[in-house]
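Q: Predicted model and sequence below, questions to follow.
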Amino acid sequence: MDRSKQAIIHHDKGLHARVAAMIVQKAYELERKWQSKLYFRRQDGSAVPAVSLMPLVSLRVKQGDTLIIEAAGEAAEAAAAEMAAFVESDFVLTDASVISQVDSLLQDNAFTAGQIFNSMANGLIVTDENDVITVFNPAAERILGIPASQAIGSRAQDTILGSRLHIVAKTRQAELGCRQAIGKLTILTNRTPIIAEGQVRGAMAIFEDISVLETVTGELKAVKELKERLQLVLESVQDGICVVDKDGLISYVNPAYVELLTQSCDELIGQNVRDLSPHGARSRVIKTGQPVVGSIAVKTSGVTLVANVSPIVVDGELTGAVSVVKNVSEVHKLMDKLSQVSAKAEYLEQELRRAQKPGPAFNKFIGQSGKVREALAIAVKAAGSGATVLISGESGTGKELVAEGIHYASQRASGPFIRVNCAALPESLLESELFGHEKGAFTGAVRQKPGKFSLADKGTIFLDEIGELNKSMQAKLLRVLQQKEFTRVGGEVVLKVNVRIIAATNRNLVQMVAEGQFREDLYYRLNVIPILLPPLRERAEDIPLLVDHFLHKIITEQGKSISGIAGEALTGLMGYGWPGNVRELENVIERMVTLADSMALTAADLPLYLRESGNPANLLPAPEEQVLLPNTSMTAILPWVEYERQIITMALAKYGSFNAAGKALGLTHKTVAAKAQKFGIAKTVSWENCDSMVKSINDVEPC
Ligand SMILES: Nc1ncnc2c1ncn2[C@@H]1O[C@H](COP(=O)(O)OP(=O)(O)OP(=O)(O)O)[C@@H](O)[C@H]1O
């Protein structure tokens, strides 16, 4: 049963602390007595328990105010009536035990307030109307680093740097949310005046250390900035980026991804890749936690995409996957473009190389045809390096001229250029020719002789007709190439040499290697920079240039007054096959100039074999044609050697090389070379030391 009663407060101080404490004390007594619960409330307020002191004080009931007493329980009415009578009484305490109970109740409640202040995490400072500190809780001690014993009783503005409590008390204006730096700490303070009954009783400050919060705020700001920057990067990259969470739900796609997939962002976000593509790279990554690189997917639009998918791991836990996607159709297009550009660059480079002037060292080499320019371009490059060069080409194509050019265009130009014709000497002599010999090493050697390799030190050695070397010489040459060392014939001392080797051949070395006639290892050692000189028949456009060059040279040498060559004669020269190449052409011009009677060379001046070779000049008479042939109609018989001399001269003039001349005469190239040497025929001189040679030449096979 609930009952309520009204009571008017008559006490002049209203329900102040002591009166309230007496009421609480009475409430305990009545609740026990009537087995009921008692409550107080103001007319428009909510009820507070009658046994709670502070809530009762908080009702701020003044003299004349009405207090409503409610009771609940068996004897609620009696309880409410008795409490109403007590509340309206004058609260005079006479009973000593009641007084003591009231005091201890007051003390208990005061103790509770102190505990609250001490337990507060926030700092609390209370000052009185004189700015003297009356409360200084442990949090204030900790934050400000000032012991309460020092603070309490002192003036706040003397003890606490920057205190504004006296100002707040004076202005009666609260200062809320003030940020203040104390040492390394940042403090957030609320200051309020304490006003009771219209009078300022002091001021209080409640503050907290927000340094950690500040740091966290700073970090949060940095993270926000980073996030924005990353967002910008993701939005502007060309690659498509898609992020899925650990359950496979798409949580982010960048604009490039949207464009690649031709689906809108809204359509994509929230879809589950496990449904879209259960065996796809993203599904596999969120299942296994392992990255997938280069996964290819062909979209229905025909676009081929390549994706790299990486797991996203946070604190060791898989939280999703990020997929970076490229459109390879674009890459293919770029690659096509790149290969086109490279092909063009390669072509232009070749053209540039062709257009490059070979330089003065190659001035002696006449020719403008593409093949010649290509060969000279390689020769120029070869000159810039110290690498071994192998020049191939038919006899008379100018191999020696190119070798000389390489030497004089190289850094070794101030060193010697030594020529050795490997076909011109028998094996026994060639070894001594190349490597030298010791005194008494073989019959007739009365003194030590340095070889061509020693002579060529710091320069270049040109080994012509390298294909004629026998196996034992090939092995010795290989040693020089590999170890840059050799020993003289009959000697034991190992000699070191600094020589650049340029070899030349008119033979097919590859075939010789295949047939076991030439060492493969030596071939590769020699063929570091291969240069191929084209035969004259493959570059007929160079013939007028060469004719002009040789005419000028020979006319000057012979002091003849010949003005030039007639068109039909030049046509005749251009229509011929030139098996002896430039050498043969040079010889023909020399012969025409020597024999010419007129001011200009005509078709009639061409040698008979040239006129007979099917070119337009073949109808013209050539009375002088027999002049150089052995004159069989003469009665006087010449010595055998004279016929020999004439035939060798003719054969070499016609064929240009020992090989070709030998073939025509049915002799070996060695025999032709030896005979040419014996008769002092030009071109064949490839060694200077003739002392020991005469005997050897006579020793070679008879013709
Ligand atoms: N392009 C050229 N320009 C001017 N002269 C040339 C040219 N080619 C060759 N000759 C001349 O032709 C002759 C033969 O040239 P070279 O001795 O260099 O030829 P080769 O290929 O070494 O012949 P072989 O294989 O017979 O030794 C030389 O007198 C050389 O000056």
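A: Happy to help now that I have it. Numbers count the residues shown, from 1 in each chain.

Q: Torsion angles phi and psi at P55?
A: Dihedral angles of P55 (phi, psi; degrees, to the nearest 10) stand at phi -60, psi -40.

Q: Correction: the previous question concerned N421.
A: According to degrees, to the nearest 10, N421 has phi -100, psi 110.

Q: Check what pLDDT it gets.
A: pLDDT for N421: 91.

Q: hang on, it packs against D464?
A: Yes: contact status for N421 versus D464: in contact at 4.7 Å, counting by C-beta atoms under 8 Å. C-beta here means a position set from N, CA and C on the backbone, and glycine is covered the same way.

Q: okay, how far is it across stretch 549-568, tip to tip?
A: End-to-end distance of stretch 549-568 (C-alpha to C-alpha, to the nearest Å): 18 Å.

Q: can you give me how far that stretch is from the chain middle?
A: Taking C-alpha atoms, centre = their mean, to the nearest Å, one finds stretch 549-568 lying 62 Å from the centre of the chain it belongs to.

Q: in it, what's buried?
A: H549, F550, L551, I554, I555, I562, I565, A566, E568 (16 or more other C-beta atoms under 10 Å).

Q: okay, those in a markdown table with secondary structure and pLDDT next?
A: Listed next are the buried residues of stretch 549-568 as a markdown table, based on DSSP: H, G, I helix; E, B strand; the rest coil; pLDDT from 0 to 100:
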| residue | secondary structure | pLDDT |
| --- | --- | --- |
| H549 | helix | 93 |
| F550 | helix | 94 |
| L551 | helix | 92 |
| I554 | helix | 93 |
| I555 | helix | 91 |
| I562 | coil | 87 |
| I565 | strand | 90 |
| A566 | coil | 87 |
| E568 | helix | 87 |
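
Q: quick one: contacts for the residue nearest to P291 when sequence neighbours are not counted?
A: Among residues not flanking P291 along the chain, S310 sits closest, at 4.7 Å (C-beta to C-beta, 6 or more residues apart in numbering). When contacts are counted by C-beta atoms under 8 Å, 6 or more residues apart in numbering, S310 is found next to V285, P291, A321, V322, V324.

Q: and the residues you listed, which of them are in strands?
A: In strands, defined here by DSSP state E, the members of the contacts of S310 are A321, V322, V324.

Q: any idea how far the last one is from V244?
A: Computed as C-beta to C-beta, to the nearest Å, the V324 to V244 distance reads 13 Å.

Q: more neighbours, the two?
A: Neighbour totals were compared for V324 and V244, and V244 leads with 25 against 17 (other C-beta atoms under 10 Å).

Q: What parts of the stretch 501-650 of the chain come near the ligand?
A: Within the stretch 501-650 of the chain, the residues that sit near the ligand (C-beta under 6 Å from any ligand atom) are A504, N506, L546, V582, R583, E586.

Q: Where does the chain get nearest to the ligand, residue-wise?
A: G398 (2.6 Å; C-beta to the nearest ligand atom).

Q: so that residue touches I531, yeah?
A: No: here G398 does not reach I531: they are 10.7 Å apart, not a contact under C-beta under 8 Å.

Q: How many residues are close by the residue of the chain closest to the ligand?
A: G398: 25 surrounding residues under other C-beta under 10 Å.

Q: before we move on, what about K496?
A: 9.

Q: Kindly report the same for D95.
A: Neighbour count for D95, taken as other C-beta under 10 Å: 9.

Q: likewise G218?
A: Residues near G218, counting by other C-beta under 10 Å, number 10.

Q: So what sits opposite V298 in the bridge?
A: V298 has the following beta-bridge partners by DSSP bridges: T304.

Q: Local confidence estimate at it?
A: 73.

Q: Same check on T189?
A: 94.

Q: before we move on, which element is it in?
A: According to DSSP states H and E, T189 maps onto strand 185-196.

Q: other SSEs contacting that strand?
A: Here strand 185-196 touches helix 165-171, strand 175-182, strand 199-209, helix 211-236, going by 3 or more C-beta pairs under 8 Å, 6 or more residues apart in numbering; DSSP states H and E.

Q: Reformat the ones you listed as JSON lines; add distance to L430.
A: Putting the helices and strands packed on strand 185-196 into JSON lines (distance: least, C-beta to C-beta, whole Å) gives the following:
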{"stretch": "helix 165-171", "distance to L430": "117"}
{"stretch": "strand 175-182", "distance to L430": "99"}
{"stretch": "strand 199-209", "distance to L430": "101"}
{"stretch": "helix 211-236", "distance to L430": "74"}
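
Q: mind putting the ones you listed in TSV, distance to the ligand included?
A: Output for those, formatted as TSV (distance: least, C-beta to the nearest ligand atom, whole Å):
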stretch	distance to the ligand
helix 165-171	109
strand 175-182	92
strand 199-209	96
helix 211-236	62
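
Q: Ok, which of the ones you listed comes nearest S52?
A: Nearest of those to S52, taken as C-beta to C-beta: strand 199-209 at 24.1 Å.

Q: which parts of the closest one are buried?
A: By 16+ other C-beta under 10 Å, the buried positions in strand 199-209 come out as V200, R201, G202, A203, M204, A205, I206, F207, E208, D209.

Q: again, but for stretch 161-169
A: Judged by neighbour count using 16+ other C-beta under 10 Å, the buried positions of stretch 161-169 are S163, R164, L165, H166, V168, A169.

Q: Over to stretch 49-65?
A: For stretch 49-65, the neighbour count (16+ other C-beta under 10 Å) marks A50, V51, S52, L53, P55, L56, V57, L59, V61 as buried.

Q: now swap in stretch 10-18 and tell me
A: Neighbour count says stretch 10-18 has H11, G14, L15, A17, R18 buried, by 16+ other C-beta under 10 Å.

Q: Domain map for the protein?
A: 2-111, 120-213, 238-330, 360-531, 535-627, 628-703 (automatic domain parsing).

Q: among the buried residues of strand 199-209, which two are most distant?
A: V200 and D209 (28.4 Å).

Q: Need the nearest residue in space to L261, chain neighbours excluded.
A: Leaving aside its chain neighbours, L261 sits nearest to L268 (6.7 Å; criterion: C-beta to C-beta, 6+ apart).

Q: wait, what's in contact with that neighbour?
A: Listed by C-beta under 8 Å, 6+ apart, the contact set of L268 reads C242, I250, V253, Y257, V258, L261.

Q: Appreciated, that's everything.
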